[in-house]
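Q: Build me a model:
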Amino acid sequence: MKMRLSAKRLISILVLLWLPGCSFHSSQYQLIKGFFTEGSDGPTAAWEVVVNGTSTSVFAVQRGNEILFVDRSNLFIRFDGWQIVEARNVTALNGDVTIDVSESEEGISLTYRGGQVFADQRRHRCGSWVAIELARPVEGASSQWSQACRSELGGYENKIWLDDTRLIRRLDFLVSPGMPGVTIRLRS
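A: Numbering: from 1, shown residues only. Just a heads-up that it's a prediction; the model follows:
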């Protein structure tokens with residue numbers, strides 16, 4: 001009996017020592033709490049994903065240096081701070097896509113995998129990101145980072161739109177070659 005009590009104390013001490021090392025942001029707590037609050041439909045999705053004219057409300061969840069955009073069912077987009085590197089269950093993309101990003105002397109290379117990406121469409125060459133100050137605000141954004149890319153299908157631009165405080169307001173990215181681009185924007 002005495003041995004069990006000591007084991008319980010040891011576990012309690014370890015848990016107490018472990019808890020301060022955890023970081024849990026208030027906004028994350030509020031999001032999770034909203035799902036369990038009685039009489040509430042939960043938190044409101046502040047972002048939307050637009051593909052080919054169809055809009056889906058999503059939540060932005062920060063995980064380390066990444067932002068995950070998720071809806072209440074199974075849509076999932078992972079943004080690493082510069083590139084969308086994964087998209088799952090996004091209508092009109094014909095399957096899940098992962099994007100490998102690599103840098104070399106020749107520039108940035110994006111390699112698309114999954115979905116209906118054909119072999120000749122997989123590898124895209126992109127230039128460096130270029131900062132652009134906008135003459136007038138667009139959807140609350142005062143500046144953008146733009147990246148020119150090229151593939152067998154032609155050229156396109158990926159864009160990150162920022163407000164005056166340098167917070168993201170909108171993302172425009174090609175997520176699956178040969179398919180419509182994806183816009184993720186803060187709802188107004």
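
Q: so where is the protein shaky, pLDDT-wise?
A: Low-confidence segments of the chain (pLDDT under 70): 1-42, 91-94, 115-121.

Q: OK, contacts around Asp80?
A: Contacts of Asp80 were listed using Cβ atoms under 8 Å, 6 or more residues apart in numbering, and they are Asn65, Glu66, Val101. Every C-beta, even on glycine, is put in place using the N, C-alpha and C of the backbone.

Q: how does it look with 6 Å?
A: Counting by Cβ atoms under 6 Å, 6 or more residues apart in numbering, Asp80 touches Glu66.

Q: Glu86 too?
A: By Cβ under 6 Å, 6+ apart, the residues touching Glu86 are Arg78, Thr98.

Q: Then Gln83?
A: Counted by Cβ under 6 Å, 6+ apart, Gln83 has contacts Val101.

Q: Please repeat the previous calculation with a cut-off of 10 Å.
A: Applying Cβ atoms under 10 Å, 6 or more residues apart in numbering, we find Gln83 in contact with 99-101, 108, 110, 126, 129, 147, 158, 160, 171, 173, 175.

Q: Might one say that Arg169 is in contact with Thr183?
A: No: under the criterion of Cβ atoms under 10 Å, Arg169 makes no contact with Thr183, lying 11.1 Å away.

Q: out of the two, which sits in the busier spot?
A: Legend: neighbour count by other Cβ atoms under 10 Å for Arg169 and Thr183, higher for Arg169 (21 against 16).

Q: The more buried one and Met179, how far apart?
A: 24 Å (Cβ to Cβ, to the nearest Å).

Q: which residue ranges form the strands in this protein?
A: Secondary structure of the chain (DSSP state E): strands at 47-51, 54-63, 66-70, 76-79, 84-88, 97-104, 107-114, 123-126, 130-138, 141-151, 154-162, 168-173, 182-186.

Q: what is Ser57 paired to in the beta sheet?
A: Assessed by DSSP bridges, Ser57 has beta-bridge partners Glu48.
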